[in-house]
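Peer 1: Sequence first, predicted model second:
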Amino acid sequence: MTAANQLYSVFRNLVISNSNPTNVRTLFTATTRFREVVDRKEMLKTVPKLDEGTQGEQSVDIDYSMNKHELFPTIDTPNKLFNGVPFKDIPVFNIRVSKNNTILSLTDAKGTPKLIRSCGIEGFKNTRKGTNIAAQATAITIGSKAFEQGYKTVRVRVRGLGPGRMAAIKGLQMTGLQIISITDSTRVSWTPPRPRKQRKL
Amino acid sequence: MTLKHASFIARTVFVKNNDVEAACRVLNRILGREDILDQFRRTRYFEKPFQFRRRINFEKCKSIYNEDMDRKIQFVLRKNRTDPFPGSS
């Protein structure tokens, strides 16, 4: 009984100290109604969709201004010069994106790793790893480090879908690196081995 | 070098005038159109046979509907009339 009284007095104090000088307990009538989940499926519909870094996927507009011949590689592309270096010898930024993390690594044209950085190394832990902010921060860190080491022009290769997909590329650009091409190397198979079973929602 | 899916030839877009976002959008649109992203999402988890059946049936119906609707629109928009804009002159 005493414990209940104590709890009540604490609660009253809380209420009074918050914003109620008139000594009247506020009644919350609406909150319970809003909190109540009517249907799980309907609730899931209202939840905003996860950003997968695929802006422009659904758009149907045609951009006539872009010169198609300069936008896409040709058979001569590997030997084309960019700042005096052929395309095939330009270092590559590999961005590995997943739902929960983003890993960036810089390799030379042969594939030897030079720098590596992920959202986890950057200091973001748990769910925060899988955000676009974390990806951008990581990209800025590794990008500026690469810039200091003398990498000026890079190719970018992205793998996977996730919140960090666009953010990482933007972050790299913000550091002053010149990105000459973006390649998607997401592994897609039309005859894959059996994937894991579906999540229960 | 096999040219069929050579890396940095296939699924590659050049960045023009440092406009990374536009290049990404072009790439994403192509990947979306070619069903690559959808297939990637579909293969994250196993698609049960009933889901496969339902999806295929839905796609069939959708393509039939789209084809019919296209024909209808073309019919309405046909322009080989003697007076192209009747009643306007």
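Peer 2: In hand now; what should we look at? Numbers count the residues shown, from 1 in each chain, chains lettered A, B, ... in the order given.
Peer 1: and the residue of chain B found nearest chain A, what pLDDT?
Peer 2: Shortest chain B-to-chain A distance, computed as CB to the nearest CB: residue-wise this is B:Arg25, at 3.1 Å. All C-beta spots, glycine's among them, are computed from the backbone N, C-alpha and C. According to the predicted model, the pLDDT of B:Arg25 comes to 90.
Peer 1: so which strand or helix has it?
Peer 2: When elements are assigned from DSSP states H and E, B:Arg25 belongs to helix B:20-33.
Peer 1: Can you point out the buried residues in the biggest helix by length in chain B?
Peer 2: Ranked by residue count, the top helix of chain B under DSSP state H comes out as helix B:49-76. Neighbour-count burial for helix B:49-76 flags no residue at all (criterion: 16 or more other CB atoms under 10 Å in any protein chain shown).
Peer 1: So which residues of chain A form helices?
Peer 2: Chain-ordered helices for chain A, with DSSP H as the definition, fall at A:2-19, A:31-35, A:40-46, A:68-71, A:119-122, A:132-148, A:164-174.
Peer 1: Dihedrals phi and psi, the residue in chain A that chain B sits nearest to?
Peer 2: Nearest residue of chain A to chain B (CB to the nearest CB) works out as A:Gly56 at 3.1 Å. Torsion angles at A:Gly56 (phi, psi; degrees, to the nearest 10) stand at phi 90, psi 0.
Peer 1: likewise A:Ile75?
Peer 2: With angles defined as degrees, to the nearest 10, A:Ile75 shows backbone torsions of phi -70, psi -20.
Peer 1: Tell me how far it lies from A:Lys129.
Peer 2: Taking CB to CB, to the nearest Å as the measure, A:Ile75 falls 40 Å from A:Lys129.
Peer 1: what about these two, which has more around it?
Peer 2: The residue with the greater number of neighbours, taking A:Ile75 and A:Lys129 and applying other CB atoms under 10 Å in any protein chain shown, is A:Lys129; the counts read 23 against 9.
Peer 1: what's the spacing between the closest residue to that one other than its chain neighbours and A:Val158?
Peer 2: Counting by CB to CB, 6 or more residues apart in numbering or on different chains, A:Cys119 is the residue found nearest to A:Lys129 once chain neighbours are left out, at 4.2 Å. Here the distance between A:Cys119 and A:Val158 works out to 15 Å (CB to CB).
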